[in-house]
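> Show me how the following folds:
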Amino acid sequence: MDSTVPETPATSAPTAMTTSHAPRPRPETLSAAPSGDLHDPSAAPDAPASAPSRAAAAPPVRQPDGRKPEPRSGGEPEEAPVRRGSRMFPDGDGPSPDPAGSHFERRIRSFQPRRSRVTAGQGEALRRLWGTWGLDIDGQRVLDLDAMFGGLPVVLEIGFGMGEATALMAADDPSTGILAVDVHTPGQGNLLALAERAGLTNVRVANGDAIILLREMLRPDALDGVRVYFPDPWPKKRHHKRRLIQPAFLDLVATRMKPGAVLHCATDWEPYAEQMLEVLTAHPAFANTAPGGAYAPRPAFRPLTRFEGQGIDKGHVVHDLLFRRTA
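Predicted structure coming up:
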């Protein structure tokens with residue numbers, strides 16, 4: 001899938017999200033920009049963390065020495081990196097660097113926030129579309145998913161990278177809403193641009209910690225499914241406690257899933273796949289949908305991503321796990 005996010009004219013207004021069950025064209029013409037790392041304002045280096053306004057695009061941010069950002073190899077300039085804890089966008093015009101702030105306890109998180117090196121196209125999409133299609137996970141309100149998605153069944157996707165697979169799944173199944181959560185600012189901008197370009201009406205982008213979203217902002221039995229594709233495997237033994245798929249996470253997510261909803265995990269890290277299978281099989285709220293209690297074949301609705309293809313080329317084996325929430 002060709003992936004460069006083109007510049008959107010500054011005069012184009014965000015399209016209001018409406019409920020439509022008609023199939024949409026597949027968003028195959030935009031591409032992802034490379035990601036970069038940025039500091040987590042609330043976590044130490046070894047303790048990582050788990051829509052824009054309608055105004056015209058702002059001029060590129062200058063470097064600290066006054067120079068304009070250097071163009072990327074594709075000709076699109078990158079915005080200057082952001083200082084620790086500072087906002088990349090004005091209030092309401094894009095994702096917050098730490099939306100939950102100090103409202104909640106410090107704990108071991110399963111993700112590393114990555115906010116730097118947003119391209120001009122991604123930044124412009126965030127500024128225009130965040131106020132309509134995006135939300136910060138601040139833990140201060142309970143979301144009305146029926147109002148947000150026009151009554152569609154809603155699947156939560158935790159971690160979507162650059163958003164290509166999410167956009168493809170949304171285009172292939174417009175009758176299902178996708179609440180996509182990530183902390184990667186370039187990916188957030190890319191997914192918003194992909195959704196707008198394909199005319200999707202069933203995607204919302206959430207910024208922040210999925211644990212806070214599940215615990216503080218979703219009602220019981222709110223979700224028709226949960227997707228966790230290629231979470232950080234944290235391969236070092238001392239970091240295994242940071243893995244997302246743990247008994248405590250399953251306890252929480254089970255309360256937010258409707259009976260019969262499916263938790264779908266995928267990983268190309270064999271030891272993590274084994275742990276996922278073990279903890280899911282042992283949990284009383286979930287039942288394996290695969291015969292014999294084994295891994296499941298990749299379902300047709302989950303696209304083969306570029307990242308996944310690169311892993312397969314290196315000999316990695318990808319495992320899918322589909323577990324149903326029991327009554």
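
> Point out where the stretch 1-150 of the chain drops to low pLDDT.
Applying pLDDT under 70 to the stretch 1-150 of the chain flags the ranges 1-93, 100-116.

> can you pull the contacts of residue 284?
Contact partners of residue 284, counting by Cβ atoms under 8 Å, 6 or more residues apart in numbering, are residue 326. For the C-beta atoms, the positions are set from N, CA and C on the backbone; glycine is no exception.

> which stretch of helix or strand covers it?
Following DSSP states H and E, there is no helix or strand that holds residue 284.

> Can you give me the pLDDT of it?
Looking at residue 284, its pLDDT is 97.

> Roughly how far does it sit from residue 253?
14 Å (Cβ to Cβ, to the nearest Å).

> Helices along the protein, start to end?
For the chain, applying DSSP state H gives helices covering 120-133, 145-149, 164-172, 185-198, 210-212, 247-256, 270-282, 306-313.

> To residue 322, which of the ones you listed lies closest?
Smallest distance to residue 322 across the helices of the chain (Cβ to Cβ): 9.6 Å, for helix 270-282.

> export stretch 171-180 as PDB, just CAs?
In PDB, the C-alpha atoms belonging to stretch 171-180 read as follows (Å, rounded to 0.1, in the frame of the first residue of the first chain):
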ATOM      1  CA  ALA A 171     -13.100   0.600   4.800                       C
ATOM      2  CA  ASP A 172     -13.800  -3.100   4.400                       C
ATOM      3  CA  ASP A 173     -16.400  -3.100   7.200                       C
ATOM      4  CA  PRO A 174     -18.200   0.300   7.400                       C
ATOM      5  CA  SER A 175     -20.900  -1.200   9.600                       C
ATOM      6  CA  THR A 176     -18.400  -1.400  12.500                       C
ATOM      7  CA  GLY A 177     -17.000   1.500  14.400                       C
ATOM      8  CA  ILE A 178     -13.300   1.500  15.300                       C
ATOM      9  CA  LEU A 179     -12.000   3.400  18.400                       C
ATOM     10  CA  ALA A 180      -8.300   3.400  17.700                       C
END
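
> In that stretch, which residues are buried?
171, 173, 174, 176, 177, 178, 179, 180 (16 or more other Cβ atoms under 10 Å).

> tell me the two of those that are most distant?
Longest span within these, Cβ to Cβ: 171 and 179, 16.2 Å.

> packing partners for the strand ranked longest in the chain?
Ranked by number of residues, the top strand in the chain under DSSP state E is strand 257-267. On a contact count with 3 or more Cβ pairs under 8 Å, 6 or more residues apart in numbering; DSSP states H and E, strand 257-267 meets strand 223-229, helix 270-282, strand 319-325.

> The first one pairs with which strands?
So that's strand 223-229. Sheet pairing of strand 223-229 (DSSP bridges) gives strand 154-158 (parallel), strand 257-267 (parallel).

> which other residues reach the shortest one?
In other words, strand 154-158. When contacts are defined by Cβ under 8 Å, 6+ apart, strand 154-158 is touched by residues 145, 148, 166, 176-181, 210, 213-214, 218, 222-229, 231, 244, 256.
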